[in-house]
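Participant: Below is the structure, and that's it, no one-letter string:
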């Protein structure tokens, strides 16, 4: 059974940093690309970035490029989202996702609130 569990969300001040993690289980971790998406209050899902878990190549949306990075911890079957210079508009529930055998799997999400 595929399971994705996000963690690390909290309240942070503008300009601050935060690291989110997504622990994956139930599939061969390095065989599938994974992504982070977010949903801001009252808005739809927004793609944040993706990572090739085998090679480590990443791509990021323009809205977070230069501030966020994605990495993997293969020993823990985990992907991380390192966020810096956070802005109020980064406030959202953050989800990780994997497309495994034609099915999209999502974690439960973790809330990030950027506010003073």
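Facilitator: Sure thing, it's come through. Note that the structure is a prediction, hence the values are computed from the model and not measured. Residues are numbered from 1 along each chain as shown.
Participant: quick one: the strands in this structure?
Facilitator: Along the chain, the segments classed as strands by DSSP state E run 3-7, 11-12, 18-25, 34-39, 45-51, 58-60, 68-73, 78-83, 92-100, 103-106, 110-114.
Participant: Can you tell me the centre-most residue of the protein?
Facilitator: By C-alpha atoms, centre = their mean, the chain has its centre lying nearest to residue 36, at 3.3 Å.
Participant: returning to that earlier point: just send the strands of the chain back as TSV, with mean pLDDT too.
Facilitator: Formatted as TSV, those follow (pLDDT from 0 to 100):
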stretch	mean pLDDT
strand 3-7	97
strand 11-12	98
strand 18-25	97
strand 34-39	98
strand 45-51	97
strand 58-60	97
strand 68-73	95
strand 78-83	97
strand 92-100	96
strand 103-106	95
strand 110-114	98
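Participant: What does the pLDDT read for residue 74?
Facilitator: If you check residue 74, the pLDDT there is 80.
Participant: And for it, the neighbour number?
Facilitator: 12 (other C-beta atoms under 10 Å). The way it works is simple: take the backbone N, C-alpha and C, and place the C-beta from them, glycine included.
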